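Engineer: prediction below, plus the sequence it came from.
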Amino acid sequence: QVQLVESGGGVVQPGGSLRLSCFASGRTFSPYAMGWIRQGPGKGREFVATITWSGDSTYVAHSVEGRFIISKDNAKNAVYLQMNNLEREDTAVYYCAVNLDGSVWDSWGQGTQVTVSS
């Protein structure tokens, strides 16, 4: 069982930046990929960004392309989401997730709230 712990959320003004962190623990960790998913108020879940654990292949949703950057640190079992030029529409709970074998997203963190408001 993989445990995921997110941090870095908060309240920020439009145009501001935040960096989310997610650390994985609980077993020998060598997943297929990790990613960030968000769910805004009254909205469905949206994959924001994903990154493969080897090869560094990334995906970034069109809604955040050019503003959000996903990165990882294999040695720390960590994945990060740098969020720049935040917009009110980015307000959501952001979840870290892991895909162990390339099929389903197996484990999710508890989520961290990001609120973009003036």
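Structural biologist: Yep, it's here.
Engineer: count of neighbours near residue 12?
Structural biologist: 18 (other Cβ atoms under 10 Å). In this view, the C-beta of every residue, glycine as well, is placed from N, C-alpha and C.
Engineer: thinking it is in contact with residue 118, fair?
Structural biologist: No: using Cβ atoms under 8 Å, residue 12 makes no contact with residue 118, being 9.8 Å away.
Engineer: parallel or antiparallel, list what pairs with the lowest-mean-pLDDT helix or strand in the chain.
Structural biologist: Least confident helix or strand, the chain: strand 107-108 with a mean of 90, by mean pLDDT, DSSP states H and E. In the sheet, strand 107-108 lines up against strand 92-99 (antiparallel) (DSSP bridges).
Engineer: and the strand it pairs with, which residues are buried?
Structural biologist: Buried residues in strand 92-99, counted by 16 or more other Cβ atoms under 10 Å: 92-99.
Engineer: what's in contact with it?
Structural biologist: Strand 92-99 is contacted by residues 2, 4-6, 9, 20, 22, 24, 31-41, 43, 46, 48, 50, 79, 81, 105-114 when judged by Cβ atoms under 8 Å, 6 or more residues apart in numbering.
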